[in-house]
Structures are given as C-alpha cells and as structure tokens.
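1. Next one to model:
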Amino acid sequence: MKVLIQYKTSSKVREIADGQQLIDVIESTFEISRNYFSLQKYDADFNEYVDYEYPSSLEEKTKIRVVDSSPNIDYNYTVEHIDETAVSSHLEDINPEVILNLKPQWPLGIKLPIEDFSRQLLEALEKEKNLTWVQSSELVSHLANYAYKYKKYPNKQERLQICEELVNRFPYLKSEIGLGVGGWEIKLLNKLKKIRQSDPSLETELNRMKRKASSGIVPKRMKLNPEKGEVNWAPDHIEGEDELSQTTHRQIMIEESKKSISFQNKIKTKSLMALTFSFRRNSINNNSTIQYLKEQYPLFFQEEEQYDELQRLTAVDIKESFKEVKAYSFQLLELFREKNSDSLKDIKIKIEAILQSSEDENMKSSLGLYLLPYLLKEPVECFVEE
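-> Next up, the predicted model:
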C-alpha cells in the first residue's frame, strides 16, 4: 500500500506492506532514530491528526505525520556574558541522578534482533522445532541484550512487549497458559538481572547502593571521578547518546570551529565537548590519528578545551595547579639570585640578562623551574626526560 509520510517540512510517498514495516521506512527515509519520534494518522471523520496506535492496520493512501520527540536543545541563542568558571564547574559536577534521567525512549515498535540469531537457532525457529536448552538460552540472551540497549531496568509491560513480539513472529512458542508469554517474560527478567550483576555502569552502581542503604548496609562511597593520571580511562556513554546524535554534535562543532574564537558560542561548545567526551576517549584509546581528531573534533585543539579535557580526564583543575607552580617558581628564581657561588656565576649572568630584557611573567616562572636542578645540585637529566 502507499502512504504519505510527513516529517517537519518534508513529505514523502512510500510503499509499505503493513504497519509493521512503517517504522523501518521512516528511519531509513528521514535518518532519524525510532527512539525519538511518535506517529499520528489523519482521521477524515474528524478532519484532524490523531495518535496512531502502532502497529494497527493502515489503509491505502493513509496520511502519517511523524512527531519529533528528540531532546530540545537550543543551539542558536546569543551569549552576552559567559562565566567560564561557572560553565566548567557545571559540566564537571553533573549530578549522576540527572544523567540517569537522560534515557532514550522505549522503541515505538519492537524489532527482534533476528540478524544476531545463530544459524541453528533461526533454523529451529523457522521449522518450529522444540528448542534445546542451549538454543532457548541463546534466544533469551538476544532478547535481553535488545532490551538492555534501551533500558537497564525495563518494566513488566515493556518486557511483555518483547515477548509478545516473539510469539507473534514465531506463534508456536506461545504457551496455552494465560497470555502465552509468561514463561518467556520470567526468563527475560532473570537474564536481565544477570546482565546487571556484571555491569559496572553508573546507573547499576547507584541502584545497588540504594538497595544496600535501604537494607541497613552502609555502602562504600562510590568513586565517580577517574584516578589522576589514568590516561586510558573512558566513562560510560551518557544515556540517550548514540552514533546518530554524536554525528550531529560533531557537525555543529565543526561549523562552530570555522568562526573566529571571539565569535564562537562558548557555552554551546563546552556543552558539546562534554557530551562527546566518552566517544572521543574511545577514539583516542583506539589509536585514532591526530588528523582524524582534528577533522572530527577541531575544537579539541583549542587551549581552553585542552584544559577542560584534562580536568574531565584527571579531575584536576590544571589552571589552579599551574598557579601553584608559578608561585613556587618565582620563589625559586629569587632564591637562585641570592646564591653566591663561583660555579653558578656564568649562568647567573645569563639569567640577569634575560630578566632585564623581558618582563614576561610566564618567562620568569619558566626560569624558576629551569633553575631547580642547579639549586638542588642534581643533574638536569633527573628532571627532564626527552
């Protein structure tokens, strides 16, 4: 049958077999995820669009409207004044509970991951054979992994939706007791519990802590920040972020990087750099080239973003650390100038010449650090490694 599909300002006529195929067609046509839209069908009697109960039957030449339900982030506002410290602090001190609420929507239409089934399992299902224990276990694992992509804790209704889709696709699996899917739902529930037991992500850890606290067991303090210096550390992806959303974020950052730094929207860029952090860390840990990072994350190479990235990675405010080093380096410089030693005479002459020719504070700070080996009477090789 032919249907007219409207999405924002675009309208497309598409050929579909039934309502079951509609979601796939919308995803491929408009390149949007099923997690971020709902559907409405035109009702001629009321001359109005009404919510479409997927996957109910459709008639020839039905009009379908796709309603965008993706997170509404305004990237186009103007910024008169930016408190850089407040922005950085906000991004680094995100409440974990807030992150956990950024969940993708449960899929509008359940799509069994049949492409992941083994050949033996698929053959048994298509020939309506009784499943062996191994095949049954594999089937439940695929269903659980599918659910886990969207929710770590799907409720009973959502678990039943998956099981009902299973028996709709393979009717011989339906039991004669009750709804016919109760046994599958229990197996799915137990498998999800097993997956969560080995999942170290933030959401499962917080839930474990809550259960322990409610039972009177005092949980260990959960460490949400990385260890200092763990350069290969990569956090879990924020719920709701996937490759599609990341592509959008990267494209916005690339366009923003083409502007002069003074005209870049700093709040926007800092927010997007935080949203793409986990994916960027994975790329770096997988030995991506510098050229690739420059193409995908051009803002990453700006000085301010380097400071922010180091703080996200090590939980250390590198600017504050530099301030502390600078204070000590000035003292080291003055201490060296007070030294009376024939062995240091030549270098003192050079240092004084540099100080008289420049008032640059950073240069003075660097000189103080440079002189540290001479003050401690240690070889320079003990402090500098090439």
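
2. Tell me how many other residues surround Ala274.
-> 19 (other CB atoms under 10 Å). All C-beta atoms are positioned from the backbone trio N, CA, C, and that covers glycine.

3. In a helix, it, correct?
-> Yes. Counting by DSSP: H, G, I helix; E, B strand; the rest coil, Ala274 falls inside a helix.

4. Number the chain from 22, please
-> Will do, 22 is the new start, and the previous item becomes Ala295.

5. measure Pro256 to Glu262 for me?
-> To Glu262, Pro256 is 11 Å away according to CB to CB, to the nearest Å.

6. Residues that sit against both of the two, list them.
-> Common contacts of Pro256 and Glu262, defined by CB atoms under 8 Å, 6 or more residues apart in numbering, comprise Ser299.

7. Just give the number of residues close to Val24.
-> 20.

8. Give me the phi and psi for it.
-> Backbone torsions for Val24, taken as degrees, to the nearest 10, come to phi -130, psi 150.

9. Could I get the contacting residues of the residue nearest to it when sequence neighbours are not counted?
-> Distances taken as CB to CB, 6 or more residues apart in numbering put Thr83 closest to Val24, at 4.9 Å, once the chain neighbours are dropped. For Thr83, the contact set (CB under 8 Å, 6+ apart) comprises 22, 24-25, 62-63.

10. Make a markdown table out of these and add secondary structure, distance to Trp127 and pLDDT.
-> Shown next, in a markdown table, are these (DSSP: H, G, I helix; E, B strand; the rest coil; distance: CB to CB, whole Å; pLDDT from 0 to 100):
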| residue | secondary structure | distance to Trp127 | pLDDT |
| --- | --- | --- | --- |
| Met22 | coil | 27 | 84 |
| Val24 | strand | 24 | 89 |
| Leu25 | strand | 27 | 90 |
| Lys62 | strand | 20 | 87 |
| Tyr63 | strand | 25 | 88 |
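
11. Drop the exposed ones from those and show what's left.
-> Buried by 16 or more other CB atoms under 10 Å: 24, 62-63, out of the contacts of Thr83.

12. shaky segments in this structure?
-> 55-57, 75-76, 90-126, 199, 221-254, 336, 342-346, 400-407 (pLDDT under 70).

13. Who's the closest spatial neighbour of the residue nearest in space to the middle of it, skipping the chain neighbours?
-> Central residue of the chain (CA atoms, centre = their mean): His258, 3.1 Å from the mean position. Once flanking residues are discounted, His258 sits nearest to Ser299: 4.8 Å by CB to CB, 6+ apart.

14. Next up, identify which helix or strand that neighbour is on.
-> helix 298-306 (DSSP states H and E).

15. Also Glu74?
-> Short version, using DSSP H and E: Glu74 is in no helix or strand.

16. do you know how far it is from Gln285?
-> 46 Å.

17. Toward the C-terminus from the lengthiest helix in the chain, list the very next helix or strand.
-> Secondary structure of the chain read by DSSP state H shows that its longest helix is helix 339-359. Next in sequence after helix 339-359, counting helices and strands by DSSP H and E, comes helix 366-378.

18. In the chain, mark out all the strands, start to finish.
-> Secondary structure of the chain, counting by DSSP state E: strands at 23-28, 31-36, 58-64, 69-72, 83-89.

19. Quick check: buried residues in the second one?
-> By neighbour count, with 16+ other CB under 10 Å as the criterion, the buried positions of strand 31-36 are Arg35.

20. For it, which helices and strands make contact with it?
-> In terms of contacts (3 or more CB pairs under 8 Å, 6 or more residues apart in numbering; DSSP states H and E), strand 31-36 is packed against strand 23-28, helix 40-51.

21. and the ones you listed as JSON lines, adding distance to Gln377?
-> What follows is these, written out as JSON lines (distance: least, CB to CB, whole Å):
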{"stretch": "strand 23-28", "distance to Gln377": "69"}
{"stretch": "helix 40-51", "distance to Gln377": "68"}
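
22. how near is Leu209 to Ser139?
-> Counting by CB to CB, the gap from Leu209 to Ser139 is 18 Å.

23. Comparing the two, which residue is more hemmed in?
-> Higher neighbour count among Leu209 and Ser139: Leu209, with 25 against 13, using other CB under 10 Å.
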